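[1] Structure, please.
(chains A and B)
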Amino acid sequence: MDEKYFAKKIEAKWQKKWAESGAFEVEISDEKPKFYQLEMLPYPSGNLHMGHVRNYAVGDAVAWYKRLKGFNVLHPIGWDSFGQPAEDAAVKRGVNPRQWTEDNINVMRGQLERLGLSYDWRRQMYAHRKEYYKFDQWFFIKMFEMGLAYKKMTQVNWCENDKATLSNEQASGGICWRCGEPVTKKDLEQWFFRTTAYADQLIDDMEKIESGWPQHVLKRQQDWIGRSNGAYVDFGITLVDQNDTIDLDKALKTAEGEFDYDKLEDVARRIEEGRIAITRLNRAAEIGRIAGGRTHVEASIIVGAVSRAGGTSDGGEIVGGSARLDHLGWAEHKQRVKSHEDALIHYAIASDIWLESAAFEAKYGRSDIHGIEAYVHKDPDDDRYVIKRFGYDWAFQTTPQFFLDRIAVFNALFPEVPYELIGFTHDGKQNLQFVFRQKKLEGTIPAEEEIDDLFLKFYSASVIDVLPSGDKTYENDLYLISDIAPRNVLKDNAGNIRVFDAITLLNTNAHDYHKFALREARINKIKVFTTRIDTIYGANAVVVAAEHPIIAAERNSFADDVLAKIDDIIAENLKPKERDEEIEKDGIDTGLKAVNPFNGEELPVWVGNYVMMDYGTGAVMSVPAHDERDFEFAKKFGMPILTVISAEPENKPVENEEKEVQEKETYGINDEYGRSVRDVLADSTKENDPGGIRGLVRGDRRSSDSEYVVSGPAARTSASHNASEIAFTDHGFLINSGRWSGKTSDDAKREMAEYACENGFGEAATTFRLRDWGVSRQRYWGAPIPMIYCPDCGTVPVKFEDLPVELPDNAPITGTGESPLAKVPEFYETSCPSCEGPARRETDTMDTFVDSSWYFFRYTDNQNEVLPFDPDTAAYWTPVDQYIGGDDHAVMHLIYTRFWTKVMRDIGLVKFNEPVKRLLTQGMVVGETFYDDSTGKKIYHAPDTVTVERDEKGRITSVKAADGKELKFAVERMSKSKGNGVDPDEMVDVYGADAARLFVLFAAPVDNELVWHEAGIEGAVRFLQRVWRFVHKWKDALGNGAVSGDVSTPSPAAKKLRQKTHQTINRIDQSLDTLQFNTPVAALMELANDLYDMKAEPETASPDEVAAVREALTSLILMLTPFAPHISEEMFAAIIGNENGILANDARFPAYDEEAAKADEIEIAVQVNGKLRSRIFASPDADNAELERMAKDDAKVREHTDGKDVVKVIVVPGRLVNIVVKG
RNA sequence: GCACGCGUGGCCAAAGCGGCAAAGGCGCCGGUCUUAGAAACCGGAUAUUGAAGGUUCGAAUCCUUCCGCGUGUACCA
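    I've put the predicted structure just below:
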């Protein structure tokens, strides 16, 4: 150990030692509990910035802490190396994106290494390498098969000049970043992941992670998903029907008889809009799914082997085929079945029902099920089974007994599924398939009409419908489900109609459309979505978006001025909106009339610019008295406002308007009336507060929020009253609502939705703000989407064994024109995996959020060539115990990764719902910036080019540029362009990695902003040097571990130091557990100060003092390790006299000794009437009575208590005594 | 506008399920050492905890209102 602290020297030394010994390389182990510490992976932009340093310093501190606590810590890092900057660099500088990326990774790895971060470098993943993106593609295909990946038409930012799609950033301000031409919208077919299918789970599972995630992140995710519970209500429209039967052959085919997809889309749209109604179904009709994509009009029933006689289904018949698990469940069962896919597989194997061909034949008397061969391999050398699955071998390393144990679980879980699993098969291609046996069921054959009804129900299930079992069908899809022949329907003894077929939805067979008989009708109802069905009696209009289909459909019937206004609004909606712009409400009465189904009242249909087509149904009922927007709208256009919700029950009516206004002003506690509340509170007489508002205001409001609210227009009995000043949007009691009057809002909401449902004009419903995730990018530098378009077979996924679809090296990257891959014939020309005819590859690539959605699972098994990762290996390490990332990723990235985890769970790769147990979001690193905005644009000046004057307090008084011009200053996020960036390499060079890391952890709490000040880091260095000097002075005296001499009677100084040491250990341990890093550093500084304050000298100290110093110093060093590992290793080695240091000696975080931390005598504050009057010294064990007695006897206290009545004595053990006196 | 968060010495911050005299660091001032400065060491000053009110024996901490700052979000029905 040198006398002086040379940061660079010891940092290089220990980095080398760690690397050589593989100190941070970990494997699965039963000896220690695991801990998975993860930080957001960096984009390899070319250099690390201080934000990275902060993120990784925090993560490394946690990793070290857990390591010292005896955990087996997985701490990996990788590269988010796909994405636009590489492509931009290619465009701007003509470099090769791959080379550019690889070079940057090399540079940045060097930077990370110089910081001495404790990564297991062997586990790196690189998003841009085919070993990784192969599995992006694998997942894509899995999701496609599960119905979670689909294609639909959507709008993208388009530059007509460059013929290129633009990202939002490239199109900011509505102009192309490259050529400056205005950006337009263009329709393009894009791939989507069905995140909405998991919206409910994404919300509901938040409770599982609530305790470990920052509240604001959960809140933002919740807002983003935006679930609202409400109801759909149909408002009838009185129109003359136009009954034109549609000849579907003509409607869907060209004059030449060719199938025409454009026509199909038109029909699909009209069906969606409700303009085509079904009159009669051919009973032999197939399922039809009209999807957005042109290439798959999906259809087909796949299970048909149920026979039935005399009202009894034949239990026991084998129902073969590809009843894939994801579609087995009738909706509600879907997730449950899927989430137990493993259990099913295990059950099958254990029960000996997964059979090799011969055994299968022996058991079932035939070698196939519906033409599909079944087989399984049993590893002859082992007790393991290998299932041919998804084209890959997947070894389950477990025993049959394990599976057998799960049979009960499965059976208990799915009693209502009308099938039992009896085996597995394989479709000869890629799909695992399941063999079910129909359960025996007794019942009656339903009447023809009932079956017809069922048809219609299934048919109209285009958005959501309810099956006879009460289950919901697939949401948000155009499924036309119909292959219901009488032979497949049975009415069970409970009267429920049961449909026996399992259904699959993905099949490119699409030729049965002509079997529908349809007629076109005019839209005869407007469906609105409302969260306040209880206010429906107050509706004064139905307001629809200008883009609502009824507007297009009824265009011909509108007056010219109406049309003009509607077109205005549509045009206005297309314009880009300013962020803070408040849009004035606008609209017009269309002249159409709608009928409120609850009271039969005829209401006008308006177009309103505040109604958005893409939320809910694009139509709302306007209830001005109880909705602020509707209120504003009604005010502007002089529409009637009827109050139907009262804050108080109806039996307490307000007598007249005057009283009403007065009450409102007196008791309102909304902001609006804050003044009045103050008035009430200012006057403390009881008389002025008859309603008890002071009590409410003061926090006696423990009851409930709704009771608390006494604001707003008070109860009104006058139905025509029109003069309220604000909308009353709280819940309350219904008035003026016919039979519902008097009910509470909550009851009414539920009951009215039920009523609407029973009467067929509505139902309870939930909507989401969250949309499906668009993953297509017309870019080069991303994972190619593994799909193939075949003129005959339609859209076909690449076979798993053909993955990866490699990104060609020779694509022309110009930034203009189509996706670069669309210019590479060798890439896109291919053959169909299904029919082997000529076909074309998808040329779009995937969003890079795909890479970051599952990267941390790859770390657990990054060499796997068969699966994304081995499920058993991942099961040891995951879920992530602690994730640390920037706040900016808190919403999108983490929603996507939560979604992805749920998909992986449904695939069977993981067994939990949430990928990240604890999350810490770290604040930005900011610095002072100096700029000149006199030209209207901010021109930044680098700090080293300006002259800054500060006052004696260090505040900036003036800033002048090099040319003497006065500049403005601010504190902003560090960036190159602002000139306030700090180069981490330079920091490490000047101060050392330890000091840099210590400073960023110490300077501010992790989730706060960190303002970079050079002086701060100097303080960190000084602290390290201070400790270093102390260690250097004492290392010889502390010997090689043993302290000689008598230590049994410690001196007061030694005792005090021990106390401080153990108090510090306790404090730091707790702080680190709760992810506070700034306070432990402060505690370490205090401990170091105490060491110096003790003023012991190694030459003269007594053995007990040496022992205390040794304990304090060793603890200090060990606790410093998470913040400054290199210097800690070096000092530890010096103290123990063994060059190996902390890691190699497997040292542990110091243990807290409560006894040692305890003081012999504690000081107790004595208060009289809450004011401090004296202090007494007592043993820590003194009981309350004794403390009270001592306090009362105290001379100073007696000055204040003598001659007065002691009313009460409060004793807080170990802290204080408070004597309350009177008189 | 709405939601959430935050206001503690000149600056960054701790204590926040109410309980001692409100940690620690940076900066500042003085001293020792030094030719001088820096570093180091020793010592010191600096706070009605944004404001007002309430609850309480006792409030930085709980409640209400107001003011200021920050973040998110936007006619989400």
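
[2] Can you get me a residue count around A:D103?
    14 (other C-beta atoms under 10 Å). Heads up, the C-betas are built off the backbone N, CA and C, glycines and all.

[3] again with A:E829
    If you count neighbours by other C-beta under 10 Å, A:E829 ends up with 11.

[4] Correct me if wrong: it contacts A:T843.
    No: judged on C-beta atoms under 8 Å, A:E829 makes no contact with A:T843 at a distance of 10.9 Å.

[5] Which residues of the stretch 151-300 of chain A lie near RNA strand B?
    Within reach of RNA strand B by C-beta under 7 Å from any atom of the strand, the stretch 151-300 of chain A has these residues: A:215-216, A:219-220, A:223, A:226, A:228, A:230.

[6] List the buried residues in the one helix or strand A:K185 maps to.
    Secondary-structure element containing A:K185, defined by DSSP states H and E: strand A:184-193. By 16 or more other C-beta atoms under 10 Å, the buried positions in strand A:184-193 come out as A:190-193.

[7] for these, which one is nearest A:A993?
    Relative to A:A993, the closest of the buried residues of strand A:184-193 is A:F193; by C-beta to C-beta it sits at 40.6 Å.

[8] how much space between the closest one and RNA strand B?
    20 Å (C-beta to the nearest atom of the strand, to the nearest Å).

[9] Same check on A:T535?
    A:T535 is 9 Å from RNA strand B, by C-beta to the nearest atom of the strand.

[10] Pick out the residue of the stretch 901-1050 of chain A closest to RNA strand B.
    A:G1019 (2.7 Å; C-beta to the nearest atom of the strand).

[11] Okay, and that residue sits in which element?
    helix A:1014-1034.

[12] Could I get the full set of strands for the stretch 51-200 of chain A?
    A:72-74, A:149-159, A:164-166, A:184-193 (DSSP state E, counting those that start in this stretch).

[13] Least confident of the ones you listed, on average?
    Looking at these, the lowest mean pLDDT belongs to strand A:164-166 (a mean of 74).

[14] show me where pLDDT drops low in the stretch 151-300 of chain A?
    Within the stretch 151-300 of chain A, the ranges that satisfy pLDDT under 70 run A:167-175, A:177-178, A:238-254, A:256-300.

[15] Might you name the residue of it sitting closest to RNA strand B?
    For the stretch 151-300 of chain A, C-beta to the nearest atom of the strand, closest residue to RNA strand B: A:S228, 4.0 Å.

[16] Can you tell me who that residue pairs with across the strands?
    Counting by DSSP bridges, A:S228 is bridged to A:T767.

[17] residues in contact with it?
    A:531, A:766-768 (C-beta atoms under 8 Å, 6 or more residues apart in numbering).

[18] Drop anything exposed from those residues.
    Looks like the contacts of A:S228 have A:531, A:766-768 buried, using 16+ other C-beta under 10 Å.

[19] same for RNA strand B: which of these are within range?
    Subset of the buried ones among the contacts of A:S228 in contact with RNA strand B: A:T531, counting by C-beta under 7 Å from any atom of the strand.

[20] so which of the buried ones among the contacts of A:S228 comes closest to RNA strand B?
    A:T531 (3.5 Å).

[21] picking up where we left off before, farthest-apart pair in the buried ones among the contacts of A:S228, please.
    A:T531 and A:F768 (12.8 Å).

[22] what residues are up against the closest residue to RNA strand B within the stretch 1-150 of chain A?
    Residue nearest to RNA strand B within the stretch 1-150 of chain A: A:K4 (9.7 Å; C-beta to the nearest atom of the strand). Applying C-beta under 8 Å, 6+ apart to A:K4 gives the contacts A:W1028.

[23] Could you check how far it is from A:F999?
    Counting by C-beta to C-beta, to the nearest Å, the gap between A:K4 and A:F999 amounts to 20 Å.

[24] what secondary structure does the nearest residue to A:K799 once chain neighbours are set aside sit in?
    Nearest in space to A:K799, with sequence neighbours left out and distances taken as C-beta to C-beta, 6 or more residues apart in numbering, is A:P833 at 4.9 Å. The three-state label given to A:P833 by DSSP: H, G, I helix; E, B strand; the rest coil is coil.
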